[in-house]
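*Asks:* Provide a 3D model corresponding to the input given below.
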Amino acid sequence: MKEDIYNKLDKMGISYKIVEHGAVYTIEEALDKKIENKDKIVKNLFIRDDKKQNYYLLLVPSLKRVNLKELRKKINSRPLSFASIYDLEKYLGLKKGAVSPLGVFNDIKRIVKVIIDKEILSFGIVGVHPNDNTVSVFLKLEDLERIIKEHGNELEYLEI
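*Replies:* Prediction:
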């Protein structure tokens, strides 16, 4: 699966750095690894509204806590909660622990809206899984934005 991502990035002319680190299932586990630029690794949260009509992938700084009630107001949504493992696989083709914005490549119907915390704009580069939780890929934020937009998923920057 990660090789497919590398091939897609190569075809798009996107440069990236691969850091292998062994399986991690939470952002805390990733931050415990000895990884250069680990402060640029983003936390990815897959959420949905209570009617399962709208799905969102949130990218926030690794240590930031997200208040779903406040977020609901900002995005004018129905009540929000975390999406199920079933929905994660159905919409992004991902397993628990491998949540990544690169999962949009698997979102054939372009259902998932990606919301990036504006604080991440200052990062320059971001670390995300290549749809595999044993590796992190570091790439420019502008390249990640290009991937999401060219794939056809909605993208919004928001103060979370």
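*Asks:* for this structure, what helix or strand is lowest in average pLDDT?
*Replies:* helix 27-32 (a mean of 72; mean pLDDT, DSSP states H and E).
*Asks:* do you know how far the residue nearest to Ile160 when sequence neighbours are not counted is from Ser84?
*Replies:* Nearest residue to Ile160 in three dimensions, chain neighbours excluded: Asp117, at 4.4 Å (C-beta to C-beta, 6 or more residues apart in numbering). Every residue, glycine included, has its C-beta placed from N, CA and C. Per C-beta to C-beta, to the nearest Å, Asp117 is found 23 Å from Ser84.
*Asks:* Repeat that for Gln53.
*Replies:* Counting by C-beta to C-beta, the gap from Gln53 to Ser84 is 15 Å.
*Asks:* Could you check which of those two is surrounded by more residues?
*Replies:* Ser84 (13 against 10; other C-beta atoms under 10 Å).
*Asks:* re the thing from before, compute the number of surrounding residues for the residue nearest to Ile160.
*Replies:* Asp117: 18 neighbours (other C-beta under 10 Å).
*Asks:* Could you list which residues are in contact with it?
*Replies:* Neighbouring residues of Asp117 by C-beta atoms under 8 Å, 6 or more residues apart in numbering: Leu58, Leu59, Val60, Pro61, Lys64, Tyr157, Leu158, Glu159, Ile160.
*Asks:* May I ask which two of these are separated the most?
*Replies:* Lys64 and Tyr157 (14.4 Å; C-beta to C-beta).
*Asks:* Let me see the contact set for the most far-flung residue of the chain relative to its centre.
*Replies:* Computed with C-alpha atoms, centre = their mean, the residue of the chain farthest from its C-alpha average is Lys51, at 22.2 Å. Counting by C-beta under 8 Å, 6+ apart, Lys51 touches Arg78.
*Asks:* let's see 10 Å
*Replies:* Under the criterion of C-beta atoms under 10 Å, 6 or more residues apart in numbering, the neighbours of Lys51 are Ser77, Arg78, Pro79.
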